[in-house]
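Colleague: Generate coordinates for the sequence data below:
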Amino acid sequence: MKTTTVALLLTLSFLLTGCVDIYEHISLDDHNNIVANVIMTMSKSIVAMAESQGSLDWNDTLKNAKKNYGSVVKNVQEVDSGGVQGLTFQAVLDPTKAETYQELGFMPIATETGYSIKVPVINTATSTSNAYTNMMVSGFSYKFSISKKVMATVSTVSVGDQGYSLDVPILDFGDTWFIEIPLTSVKSDDGGSTVVLEFNK
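Modeller: Numbers count the residues shown, from 1 in each chain. Got it, this is the predicted structure:
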């Protein structure tokens with residue numbers, strides 16, 4: 001199975017349902033490395049449906065996750081609890097070696113204005129039924145929490161490679177910023193399966 005990121009492997013499943021959850025917490029360690037804790041889960045019934053239709057092989061997903069993220073992730077672990085299953089991992093990122101992980105999904109990359117993160121999205125250029133797709137993913141969103149040690153302020157969120165800003169709430173939780181981005185508000189009109197989210201100071 002050809003793939004570049006765990007995120008791309010799961011894109012087909014994203015388009016099937018809103019029963020998917022992705023949460024990422026971004027912080028600093030004592031050596032000023034960026035630490036990204038990521039958990040991606042989905043309903044077991046959706047995994048079973050996707051596997052039965054041949055659009056997902058869960059064992060392949062785990063194997064490729066470990067292969068593709070091996071250079072920056074110490075351990076990719078499977079989540080299997082109750083009615084959900086998924087992946088979780090922690091990436092400790094040296095900002096001076098960003099070239100080693102900048103093409104991977106969900107890795108925070110320092111920019112002049114803040115941080116950017118590549119995520120999978122709906123491809124409106126190839127979607128056969130945008131209304132149907134929007135309905136199916138209407139309950140899904142990306143959830144990010146960003147330590148104020150990483151970004152003292154977050155003023156806006158934009159989709160840098162698509163050229164538009166997002167009207168999403170940026171919540172101040174004391175020492176952390178919390179941002180929830182509905183999948184239906186982040187789309188690619190140029191045929192791509194990923195976009196770059198920009199969190200701006």
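
Colleague: only C-alpha atoms for contact and neighbour calcs from this point on.
Modeller: Fine.

Colleague: Moving C-terminal from the lengthiest helix in the chain, which element do we reach first?
Modeller: Using DSSP state H to assign secondary structure, the helix with the most residues in the chain is helix 58-68. Elements were assigned by DSSP states H and E; along the chain past helix 58-68, the next helix or strand is strand 77-81.

Colleague: Tell me the strands beside that following strand, with direction?
Modeller: Sheet partners assigned to strand 77-81 using DSSP bridges are listed as strand 84-93 (antiparallel).

Colleague: relative to helix 58-68, how tilted is the strand it pairs with?
Modeller: 0 degrees (axes from the mean of the first three to the mean of the last three CA atoms, to 10 degrees).

Colleague: Show me which positions of strand 84-93 end up buried.
Modeller: Of the residues in strand 84-93, V84, Q85, G86, L87, T88, F89, Q90, A91, V92, L93 count as buried by neighbour count, 16 or more other CA atoms under 10 Å.

Colleague: can you check stretch 60-67 too?
Modeller: With burial defined by 16+ other CA under 10 Å, the residues of stretch 60-67 counted as buried are T61, L62, N64, A65, K66.

Colleague: picking up where we left off before, take the buried residues of strand 84-93 and lay them out in a markdown table including distance to I181 and pLDDT.
Modeller: Formatted as a markdown table, the entries for the buried residues of strand 84-93 read as follows, by distance: CA to CA, whole Å; pLDDT from 0 to 100:
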| residue | distance to I181 | pLDDT |
| --- | --- | --- |
| V84 | 21 | 85 |
| Q85 | 22 | 85 |
| G86 | 20 | 86 |
| L87 | 20 | 87 |
| T88 | 20 | 89 |
| F89 | 21 | 89 |
| Q90 | 21 | 90 |
| A91 | 22 | 91 |
| V92 | 24 | 90 |
| L93 | 24 | 91 |
